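Asker: Quick one, what's the 3D model for this:
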Amino acid sequence: MYVTTTRTFKTEYEVYGSPGFGYGYGYGWGYGPYYTGWGPWGGSWYTEERIMGTLIVDLQNAQNGQLIWRGMAERHVHPMGSASHRTKRVNEEVTKMFRAFPSVAVATSGDDIPAPTGR
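Answerer: Take a look at the predicted model:
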C-alpha cells in the first residue's frame, strides 16, 4: 500500500459591514454609474483575510496503483503559530480523518470481493 499526502492552501476573504446612512456612494450627483451623495451605503466595513489549509491522504494499491481510500480535512491555518502547535493541529486533522476509515475492507475496483479483515 502507498500512502500519499497532499497539503494545499488558499486565502479566503470575508467582508463585514454595518448598514447605515451617511455620506458615500448612493443617491445624488456624479459621473456615470457612480453617484456621490446621501444614501444607504454610508456604513462602515472591513475585510478579514484567512488561510484555509486542505490535507488529503490517499491510500493506493501498491501493485496496480488503484485508489483504495481518500481522506480529506480542511481547517483554518494560523501562519504565526509555533511548529509544535501546527504539528498538534495536523495530528488532530489526521485523527479526525481516519475516524471515517472503514473498519472492514471495501471493494473499490470491482475485481474481487474482499473478505472482512476482522478488525
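Asker: switch to C-alpha atoms for all contacts and neighbour counts from now on
Answerer: Noted.
Asker: residue ranges with poor pLDDT in this protein?
Answerer: Segments of the chain classed as low confidence (criterion: pLDDT under 70) are 17-44, 103-119.
Asker: the strands in it, which residues?
Answerer: For the chain, the strands defined by DSSP state E cover 2-17, 22-31, 34-39, 45-60, 67-77.
Asker: Relative to the first one, what are the paired strands and their orientations?
Answerer: Right, strand 2-17. With DSSP bridges as the test, strand 2-17 is paired with strand 45-60 (antiparallel).
Asker: relative orientation of the partner strand and strand 67-77 in degrees?
Answerer: Note on geometry: by axes from the mean of the first three to the mean of the last three C-alpha atoms, to 10 degrees, strand 45-60 and strand 67-77 are set 160 degrees apart in direction.
Asker: what residues does strand 45-60 touch?
Answerer: Identification of contacts with strand 45-60 by C-alpha atoms under 8 Å, 6 or more residues apart in numbering yields 1-18, 66-78.
Asker: Can you say which of those residues are buried?
Answerer: Using 16 or more other C-alpha atoms under 10 Å as the burial test, the contacts of strand 45-60 include I68, R70, G71, M72, A73, V77 as buried.
Asker: Please name the bridge partners of the closest residue to the fifth one other than its chain neighbours.
Answerer: This points to A73. With sequence-adjacent residues excluded and distances taken as C-alpha to C-alpha, 6 or more residues apart in numbering, A73 is closest to L55, at 5.3 Å. Beta-bridge partners recorded for L55 (DSSP bridges): R7, A73.
Asker: distance of L55 from A62?
Answerer: Relative to A62, L55 is positioned 21 Å away (criterion: C-alpha to C-alpha, to the nearest Å).
Asker: Compare these two (neighbour count), which wins?
Answerer: Using other C-alpha atoms under 10 Å as the criterion, L55 and A62 rank with L55 on top: 18 against 11.
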